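Engineer: Structure here, sequence nowhere to be found:
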């Protein structure tokens, strides 16, 4: 059975799309990540136009993140105060990212631009994750593990408009969260990702937020920023395919439940190492596609 996607202008097998959604949902449930940085390249590999893959995956991330935020709100592990500043910066970054995205699409280089962005970010993050997990796996089991020490946040406290974020127990300026949200908002628009794989480490090691509120606050920010990116993609670029998003979401919900159960059987270091290898494999495939000469150097099209 084949289904025609009017926005993507291609015919797809719905079972393959649902399977892709389930596979990434399985990884999301197992590793605790959004999965957008894997789903967008997989859609491109399947033949979905890169612009449509980015816009549609942003809409799918919105839906899949809502349930997670509701659970964290019930546990009171969301800092709405600092999350508001992250959303403010993220919204502005999403707008700027849309203009960058539209520019490269108009000059016909959006596919190359998206691929290069993924190769750079996935390569860097995959290598860092793999090195960290290998160090943890090779460490002597009896070795004394020291707790992570927070670096001083004094430089953020002396910046303008310093305020107290009671849920996180921080006294810092809202400028760093706004700047961080701006950068992640740009990535959400350009790459079709939620940005949690960058936001969570940055909240831990730059903003010095406590671990128990990091994930919930990150999901809170992701919902609003990716929603803004989705609306902008639909209005400015017409690259959001709702039918494709619904099929991905259907598979993602099923896969996430199975992945969450499977993730309990592996250690944290093993999970990070496995995820790093998957990320590097996707990065290598994108790099190979960039380096491979095209079948046809020129395309002849009728002019209007």
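Structural biologist: Nice, I can see it. Remember, it's a predicted structure, so these values are computed and weren't measured experimentally. Residues are numbered from 1 along each chain as shown.
Engineer: Tell me the secondary structure at residue 108.
Structural biologist: Look at residue 108: counting by DSSP: H, G, I helix; E, B strand; the rest coil, its state is coil.
Engineer: Tell me the confidence at it?
Structural biologist: Confidence at residue 108, expressed as pLDDT, is 81.
Engineer: Let me know the secondary structure of the closest residue in space to residue 173 that isn't next to it in sequence.
Structural biologist: Using CB to CB, 6 or more residues apart in numbering and skipping residues adjacent in sequence, the residue nearest residue 173 is residue 159, 3.4 Å away. Using the backbone N, CA and C atoms, a C-beta is placed for each residue, glycine as well. Under three-state DSSP, residue 159 falls in the coil class.
Engineer: Now do stretch 77-95: everything it contacts.
Structural biologist: With CB atoms under 8 Å, 6 or more residues apart in numbering as the test, stretch 77-95 has contacts from 69, 72, 165-168, 170, 174, 177-189, 195, 199, 207, 209, 212-213, 215-217, 219-221, 224-225, 228-229, 232.
Engineer: Is there a quick PyMOL command that grabs whichever of the residues you listed are buried?
Structural biologist: Buried members of the contacts of stretch 77-95, defined by 16 or more other CB atoms under 10 Å, are picked up in PyMOL with:
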select buried, resi 69+72+165+167+168+170+174+177+178+180+181+182+183+184+185+186+187+188+189+195+199+207+209+213+215+216+217+219+220+221+224+225+228+229+232
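Engineer: Looking at the contacts of stretch 77-95, which are in helices?
Structural biologist: Per DSSP state H, helices hold the following members of the contacts of stretch 77-95: 69, 72, 177-189, 199, 212-213, 215-217, 219-221, 224-225, 228-229, 232.
Engineer: so where's this protein uncertain?
Structural biologist: 28-35, 63-65, 67-68, 71, 140-153, 197, 256, 260-272, 293-304 (pLDDT under 70).
Engineer: those helices in it, which residues are they?
Structural biologist: 14-31, 36-46, 50-74, 80-106, 110-138, 154-157, 175-191, 196-205, 211-232, 242-263, 268-291.
Engineer: In contact with the nearest residue in space to residue 114 that is not next to it in sequence: list those residues for me.
Structural biologist: Residue nearest to residue 114 in three dimensions, not counting chain neighbours: residue 50, with 4.7 Å by CB to CB, 6+ apart. Contact analysis of residue 50 by CB under 8 Å, 6+ apart lists 40, 44, 110-111, 114-115.
Engineer: Just tell me which of the helices of the chain ends up closest to residue 6.
Structural biologist: helix 242-263 (7.7 Å; CB to CB).
Engineer: by how many degrees do that closest one and helix 211-232 diverge?
Structural biologist: 160 degrees (axes from the mean of the first three to the mean of the last three CA atoms, to 10 degrees).
Engineer: Tell me how many other residues crowd residue 58.
Structural biologist: Using other CB atoms under 10 Å, residue 58 is surrounded by 32 other residues.
Engineer: how far away is it from residue 226?
Structural biologist: 5 Å (CB to CB, to the nearest Å).
Engineer: who touches both of the two?
Structural biologist: residue 188.
Engineer: Can you tell me the closest non-neighbouring residue to residue 23?
Structural biologist: Nearest residue to residue 23, sequence neighbours excluded (CB to CB, 6+ apart): residue 255, at 6.2 Å.
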